[in-house]
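> need the 3D shape of this:
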Amino acid sequence: MRSVLSASLSALLFVALPAAAHSPIASARVAFDRDGVTASQAQGLADVTAQRALSVDDPVRIASISKLVLAIGVMRLVEEGTFDLDTDVSTYLGWPLRHPRFADTPITLRLMLSHRSGLTDDAGYWATPLDGDIREILGDPRAWDRHAPGTWFRYTNLNSPLVASMMERATGERFDLLMQRLVLQPAKITACYGWESCDTATAARAVVLYDEAGQPVVDNNRGTKPACNVVRARDRSCDLSLWQPGRNGGAFSPQGGLRISASALARVGRLLLGEGEIDGVRVLSPASVQTLLTPQWVYAPGNGQTWEDGEPEPPPGLPRATICRYGQGTITLATDHPDCGDDPFGDGVARVGHSGNAYGLRSGLWIDPASGTGVAYFATGMDGAPTGTHSAYTAEEERLATGK
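Numbers count the residues shown, from 1 in each chain. A predicted model of the protein is given here:
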């Protein structure tokens, strides 16, 4: 956790020397309001080998913004009466989910969506084979934090596959197809969790993600649709008939595997700005949107871990936290605390949305409900990119956030 730092020292740290040059391989930015897109730009190459220029309509693995869209799907099921945010999730899983040290404390969807479930990523979360059971991870003591559920914030990807498992078991529908029905198709958002529910033409336009050496690591689709879009079964087959509802909700990567373009991501933002309505179509109620956007956890020294599992703990004395307020699958920016560097816009406005960081990608979707405006962006090839001048986000994210 970042140590408490005086406001004056924090200010000195953010009046930094100009960031070293680090140009992304590709970047896209779409600004919008409730009525539509107000500005857009795309730069660089979606695919270096093919020398294919990026457009704002090219789909990219958007990383953890996937969790925000997942939460919209959960709220659809809450509105239908399938789920309740404060019910013990064991009811939905069909087996008891309990912290081994705090067996009398129920774990709820509200706690899971706001990363206060007591779970960690230290035992893994993404590699369960197609015919595997995600429940097996929970038998590893490393899957559990030392804090009781509800008392500690720890950003944990494992929450999402477990939530997706509940969604599958409750509906009998495969997660990627369920999200099409609940969210993406009603809002006319062209996107897919994994590539299976996207058509070949969409998959052919995939934005390739690159590591620090410039090597492709994700979605090097080479102008077609991948033959296998999940972690293969234990016998190395990729037969989707092996899928069973609720057994492995991580198969289609609910925590980070949404493929979506910058322009389609802007529609997610417009849906939130419209309090659940977009272009005359109501997807969520205003009350449900408010539930999503309201912080459930606000950072204070000693109440949470503000770095993601698997990343090194930040050095003491630096305001490096990019997450200091978290709702139901949403982050609120510009927290007034010297430990927090969560304002890439640099103007103190409490925008709401989510960021993404994986495989060299940095992404963001942020709305300002007060002004009715928002921005969606991403950049690839960002591993090793320098921090910006006024936040703990990278300099490129600050540029894309502000449009300057």
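
> what about Val183, how many neighbours?
Using other C-beta atoms under 10 Å, Val183 is surrounded by 23 other residues. Just so you know, the C-beta spots here come from the backbone N, C-alpha and C atoms, and that holds for glycine as well.

> now Pro141
Neighbour count for Pro141, taken as other C-beta under 10 Å: 10.

> that one and Gly250, how far apart?
Remark: distance between Pro141 and Gly250 (C-beta to C-beta, to the nearest Å) = 20 Å.

> spatially central residue for this structure, please.
Against the mean C-alpha coordinate of the chain, by C-alpha atoms, centre = their mean, the closest residue is Ser64 at 1.9 Å.

> need the contact list for that one.
Counting by C-beta atoms under 8 Å, 6 or more residues apart in numbering, Ser64 touches Asn157, Gln255, Gly256, His354, Ser355, Gly356, Asn357, Ala358.

> in strands, which of those residues appear?
His354, Ser355, Gly356, Asn357, Ala358 (DSSP state E).

> doesn't Ala376 belong to a strand?
Yes - the assignment for Ala376 (DSSP: H, G, I helix; E, B strand; the rest coil) places it in a strand.

> right, and it touches Leu365 too?
Yes - with contact defined as C-beta atoms under 8 Å, Ala376 reaches Leu365; the gap is 4.9 Å.

> which non-adjacent residue is nearest Ala401?
Of all residues not flanking Ala401 in the chain, Pro344 sits nearest, at 4.2 Å (C-beta to C-beta, 6 or more residues apart in numbering).

> what sits against the one you found?
Leu333, Gly364, Gly388, His390, Ser391, Tyr393, Glu397, Glu398, Ala401, Thr402.

> surely the third one is in contact with Thr402?
Pointing back at Gly388 there. No - Gly388 is beyond contact range of Thr402, at 10.0 Å (criterion: C-beta under 8 Å).

> which one of these two has more residues nearby?
Neighbour count, other C-beta under 10 Å: between Gly388 and Thr402, Gly388 has more, with 23 against 15.

> next one: the more buried one from Gly276, what distance?
33 Å.

> max-length helix in this protein?
helix 65-80 (DSSP state H).

> flag every buried residue along that one.
For helix 65-80, the neighbour count (16 or more other C-beta atoms under 10 Å) marks 65-78 as buried.

> which strands and helices sit next to that helix?
helix 109-113, helix 159-171, helix 175-179, strand 258-260, helix 262-273, helix 286-293, strand 352-358, strand 361-368 (3 or more C-beta pairs under 8 Å, 6 or more residues apart in numbering; DSSP states H and E).

> so of those, which one's packed in deepest?
Sort the helices and strands packed on helix 65-80 by mean neighbour count, taking mean count of other C-beta atoms under 10 Å, and strand 258-260 sits at the top with a mean of 29.

> just checking, what packs against that strand?
Using 3+ C-beta pairs under 8 Å, 6+ apart, strand 258-260 is in contact with strand 60-61, helix 65-80, strand 191-193.

> adding mean pLDDT and distance to Asp86, write the ones you listed out as JSON lines.
Below are the helices and strands packed on strand 258-260 laid out as JSON lines (pLDDT from 0 to 100; distance: least, C-beta to C-beta, whole Å):
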{"stretch": "strand 60-61", "mean pLDDT": "98", "distance to Asp86": "32"}
{"stretch": "helix 65-80", "mean pLDDT": "98", "distance to Asp86": "10"}
{"stretch": "strand 191-193", "mean pLDDT": "98", "distance to Asp86": "26"}
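
> so how far is Ala204 from Ser285?
Here Ser285 is placed at a distance of 37 Å from Ala204 (C-beta to C-beta).

> mind checking which helix or strand the residue nearest to Ala401 is in?
Using DSSP states H and E, Pro344 is not contained in any helix or strand.

> ok, back up a step: pLDDT (mean, whole number) over the next helix or strand after the longest helix of the chain?
With elements assigned by DSSP H and E, the helix or strand that comes after helix 65-80 is helix 90-93. Averaged over helix 90-93, pLDDT sits at 98.

> buried residues of helix 90-93, list them for me.
Tyr92, Leu93.

> ok, residues contacting that helix?
Identification of contacts with helix 90-93 by C-beta under 8 Å, 6+ apart yields 83, 96-98, 106-107, 109, 135, 162, 165-166, 169-170, 246.

> next, count neighbours for Gln180.
20.

> pLDDT value on the nearest residue to it once chain neighbours are set aside, please?
Residue nearest to Gln180 in three dimensions, not counting chain neighbours: Ser197, with 5.5 Å by C-beta to C-beta, 6+ apart. Predicted confidence (pLDDT) for Ser197: 97.

> so Ser197 sits in a helix?
No - applying three-state DSSP, one finds Ser197 to be coil, outside a helix.

> among the contacts of Pro344, which lie within strands?
When DSSP E is applied, the contacts of Pro344 are split such that Gly364 fall in strands.

> show me which of the contacts of Pro344 are buried.
So, by 16+ other C-beta under 10 Å, the buried ones in these are Leu333, Gly364, Gly388, His390, Ser391, Tyr393, Glu397, Glu398, Ala401.

> which among those gets closest to Asp122?
Nearest to Asp122 out of those is Tyr393 (C-beta to C-beta; 25.4 Å).

> was I right to think the closest one contacts Ala401?
Yes - using C-beta under 8 Å, Tyr393 makes contact with Ala401 at a distance of 7.5 Å.
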